[in-house]
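Visitor: Have a look at this fold, sequence not included:
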């Protein structure tokens, strides 16, 4: 028997949900307070049904905190909000499903049954030991990506990885390969952006001797080299249209004809592709073959950017700091609090790749110093730190509070202090939002407070 937690202040909804839970043979517990729910979340729970208004800041902050809880159960959101746009952030952050009130009860019941079954399988199954292949991070976003890797590694479906530059697309492709049954066979990476347009077909499909002027010997293409292994097409959006169309038959039959050959060649490879481009937009513009896109994205893995992932940034710093020191033959170094704050507060447009290069710069500039300090960082990051400090200095040192009262009407000190503190907090929050452009993850990193705490303060002061 599974245990279902229901968070809702709607008595009628709770009663309907209890009937459904009992009808499918499980146990329900209703909780009306978000604070009480967090306390109860420590108990064993298989599925959580949350009746939340994600347009409300306090509800959204509660959901974002809860969804990041370690070992949380599957979450189903039910909301009275009529804004369908709220479904996207809920699902992308980790909710299993999102329903509007009144929910389609049959669909909700079926979804609940599937969630319970998934929880049962997780409990009974053996824990998956995943080879990370250099992937660092334990944030909810990274855990979700690694769960996808684990699931995909058991199958041979085509995978399309979306991610900005420097997010580690090839690392994830390698992890899929080395956790699969093909791990003992070749992993063949192909940078499609670096392929000479006149030689793309020859490099991929191979060619016969004499197939063209410079073909002085027979060449085995990369597709054949990937036989029984994995072919990784990085920046797949850069493939010429002629090759895209040729690939359609290759993906269906796993056979192709080398340039200048009359004989079909077979290759049993698993395809993983990656891109930082919007392939749907490219299809609309006529720059990418729609049928090929359909075949590439049997499963889609979207890698998160580094921006705002404070926990992952700290893990990356310590992981790569030791490796960089060993690479340069240096003693291990430490990180000052200012450097850690600088790294966690920076937006990292180049993601992990930029972070590694920045860290290596700092190690080199530190020479024999045992601790990395801000003066060892590149000028761009130091300028960013300086701007943050200058912005902070613009916040008034104290609120301009004046009481035009005589001495007998002066407020109590406690009352004055509370009022002054409120004005100071409000002024600080205004400047924080202005400086960060209302980017909540960066604002949390600069202020050193949790997202839930920041949202609560913004609501308190009407910001």
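Guide: On my side now, so go ahead. What you are looking at is a predicted structure, and each value in this text was computed from that prediction instead of being measured.

Visitor: pLDDT weak spots in the stretch 201-350 of the chain?
Guide: Scanning the stretch 201-350 of the chain for pLDDT under 70 picks out nothing.

Visitor: now with 80?
Guide: 213, 308 (pLDDT under 80).

Visitor: what's the offset of stretch 177-187 from the middle of its chain?
Guide: 25 Å (Cα atoms, centre = their mean, to the nearest Å).

Visitor: what does stretch 96-116 give?
Guide: 25 Å.

Visitor: Is the spatially most central residue of the chain part of a helix or strand, or is it coil?
Guide: Taking Cα atoms, centre = their mean, the centroid of the chain lies closest to residue 304, which sits 2.9 Å from it. With DSSP: H, G, I helix; E, B strand; the rest coil as the basis, residue 304 sits in coil.

Visitor: looking at it, it is touching residue 140, isn't it?
Guide: No - the pair residue 304 / residue 140 is not scored as a contact, 9.4 Å apart, by Cβ atoms under 8 Å. All C-beta spots, glycine's among them, are computed from the backbone N, C-alpha and C.

Visitor: Quickly list what's touching both of those two.
Guide: Where contact means Cβ atoms under 8 Å, 6 or more residues apart in numbering, no residue is in contact with each of residue 304 and residue 140.

Visitor: ranges for the helices of the stretch 351-463 of the chain?
Guide: Counting by DSSP state H, counting those that start in this stretch, the stretch 351-463 of the chain has helices at residues 351-366, 379-393, 413-436, 440-447, 451-460.

Visitor: wait, which of the ones you listed is closest to residue 65?
Guide: Residue 65 lies closest to helix 451-460 among the helices of the stretch 351-463 of the chain, at 4.8 Å (Cβ to Cβ).

Visitor: can you list the domains in this protein?
Guide: The chain breaks down into these structural domains: 3-124, 140-302, 313-393, 407-460 (assignment by automatic domain parsing).

Visitor: Point out the one among these that comes closest to residue 132.
Guide: Using Cβ to Cβ, the nearest of these to residue 132 is domain 140-302, at 6.4 Å.

Visitor: measure the closest one end to end?
Guide: Distance across domain 140-302, first residue to last, is 13 Å (Cα to Cα, to the nearest Å).

Visitor: roughly how far out does it sit from the chain middle?
Guide: Distance, centroid of domain 140-302 to centroid of chain: 23 Å (Cα atoms, centre = their mean).

Visitor: One more: stretch 53-72?
Guide: Put simply, stretch 53-72 sits 16 Å off its chain's centre (Cα atoms, centre = their mean).

Visitor: what are the phi and psi values for the residue lying closest to residue 422 once chain neighbours are set aside?
Guide: Among residues not flanking residue 422 along the chain, residue 461 sits closest, at 7.7 Å (Cβ to Cβ, 6 or more residues apart in numbering). With angles defined as degrees, to the nearest 10, residue 461 sits at phi -100, psi 10.
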